[in-house]
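Engineer: Have a look; sequence and predicted model below, questions after that.
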Amino acid sequence: MPGAIYVEGLVKTFGDVKALDGVDLDVPEGTVLGLLGPNGAGKTTTVRCLTTLLRPDRGRAVVAGVDVLKHPNDVRRSIGLSGQFAAVDEYLTGRENLQMVGRLYQMRPKAAKARAAELLEQFDLADAADRPTKTYSGGMRRRLDLAAALVVSPPVMFMDEPTTGLDPRNRQLLWDVIKRLVSGGTTLLLTTQYLEEADHLAHDIAVVDHGRVIARGTSDELKARTGGERVEVVVHERDDIPTAATVLRGFGKGDITVEEHTRKLTVPVTGGAKLLAEIIRDLDTRGIEIDDIGLRRPTLDDVFLSLTGHVAESKDEDDDTKGPAKRPAKEAAK
Ligand SMILES: Nc1ncnc2c1ncn2[C@@H]1O[C@H](COP(=O)(O)OP(=O)(O)OP(=O)(O)O)[C@@H](O)[C@H]1O
Ligand SMILES: [Mg+2]
């Protein structure tokens, strides 16, 4: 039986750009799918297709049991959306914005008012509730936009980078809200550039690149597939990076990643603490001074890097540059 979101072979082209090149997804009811991918991978386009804002060229999508292409109006009744860029009315106050959404969803005035007050409290906006939103900071707008998506509790929610631009405290606040929502049975498709967020919230993760799902699994499954632990070394002198890379290449089991500006080298290894001691000795023999060295388990960042060749990059909410994700200097292991 298909899940709350079911997508098969979704294709969308914009002129020469194939934004979606056959996306397949399946999100069981009451679970969270984290959609990860570098800038331009097709995450927002997927969300827009599934929320009826965009018509795909080909493919099939069923949301909350309704065919998205055949019955878009019925789908709209069952979903909530928080887009990548906050969509609040600048001239209305926070409270008015939320009440208006309630009224659009046919809530009675009293109920809309009560729901607005509840959300303003929950999202820490009560003090600013009666100011026009054009006076809000970026993070406040973002929170209001999320609150607006939660005025009614639809069975299926879409959130496109919900916490981009939020400070750590507010990000945590939103994570709590999302967890409560999902424990109440809501199905959520969430895109994010914060891999920690996917790690925290998503039952399942789909990595998208060039309009296709290139990997799928739980966070642990994806990490296991990336294999082994990582040794991270920070050398004291930038000039020592090439020699340190040579040393690590001798011990490593894969590509070495070099972050020039932090003088940090990372390499996948097997062999644990014993190997770490050998690496330290070798570096010492060559007279390379190190500021820091450690062994760590793979993170979702490593997964992302090994799958897409990009480092995940978070953007500020009002950053509309669509440049390529930063690529670390990457050296092939011998
Ligand atoms: N309306 C449009 N017209 C032309 N090209 C578009 C349009 N919308 C998206 N694209 C292109 O489709 C591709 C996928 O874009 P999309 O916005 O889905 O990426 P994304 O994964 O959400 O990226 P980001 O992480 O930057 O938000 C990009 O190459 C983008 O430039
Ligand atoms: Mg996007």
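Structural biologist: All right, it came through fine. Ligands and ions are numbered 1, 2, ... in the order given.
Engineer: hey, let's count contacts and neighbours off CA atoms from now on
Structural biologist: Fine.
Engineer: from the middle of its chain, how far away would stretch 45-57 be?
Structural biologist: Stretch 45-57 sits 18 Å away from the centroid of its parent chain (CA atoms, centre = their mean, to the nearest Å).
Engineer: how long is that stretch from one end to the other?
Structural biologist: Terminal residues of stretch 45-57 are spaced 12 Å apart (CA to CA, to the nearest Å).
Engineer: if you average pLDDT over that stretch, what comes out?
Structural biologist: Stretch 45-57 shows a mean pLDDT of 94.
Engineer: What of stretch 218-235?
Structural biologist: Stretch 218-235 carries an average pLDDT of 86.
Engineer: Send me stretch 301-309 as PDB with only the CA atoms.
Structural biologist: The C-alpha trace of stretch 301-309 is given here as PDB (Å, rounded to 0.1, in the frame of the first residue of the first chain):
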ATOM      1  CA  ASP A 301      28.400  15.300   6.000                       C
ATOM      2  CA  ASP A 302      30.800  12.500   4.900                       C
ATOM      3  CA  VAL A 303      27.900  10.600   3.300                       C
ATOM      4  CA  PHE A 304      26.900  13.700   1.400                       C
ATOM      5  CA  LEU A 305      30.500  14.400   0.300                       C
ATOM      6  CA  SER A 306      31.200  10.900  -0.800                       C
ATOM      7  CA  LEU A 307      27.900  10.700  -2.700                       C
ATOM      8  CA  THR A 308      27.700  14.100  -4.400                       C
ATOM      9  CA  GLY A 309      31.300  15.400  -4.300                       C
END
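Engineer: hmm, that stretch touching ligand 1?
Structural biologist: No. Against ligand 1, stretch 301-309 shows no contacts by CA under 6 Å from any ligand atom, the least distance being 12.6 Å.
Engineer: Can you mark which positions in that stretch are buried?
Structural biologist: The neighbour-count check on stretch 301-309 (16 or more other CA atoms under 10 Å) flags 301-305, 307-309 as buried.
Engineer: Is it possible to get a markdown table of these that adds secondary structure?
Structural biologist: Shown next, in a markdown table, are the buried residues of stretch 301-309 (DSSP: H, G, I helix; E, B strand; the rest coil):
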| residue | secondary structure |
| --- | --- |
| Asp301 | helix |
| Asp302 | helix |
| Val303 | helix |
| Phe304 | helix |
| Leu305 | helix |
| Leu307 | helix |
| Thr308 | helix |
| Gly309 | coil |
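Engineer: phi, psi of the residue lying farthest from the centre of the chain?
Structural biologist: For the chain, the largest distance from the centre (CA atoms, centre = their mean) belongs to Thr285, which lies 42.5 Å off. Backbone dihedrals for Thr285, given as degrees, to the nearest 10, come out at phi -60, psi -40.
Engineer: Also the one 4 residues further on?
Structural biologist: Backbone geometry at Glu289, expressed as degrees, to the nearest 10, gives phi -80, psi 130.
Engineer: same question, Val258
Structural biologist: According to degrees, to the nearest 10, Val258 has phi -120, psi 130.
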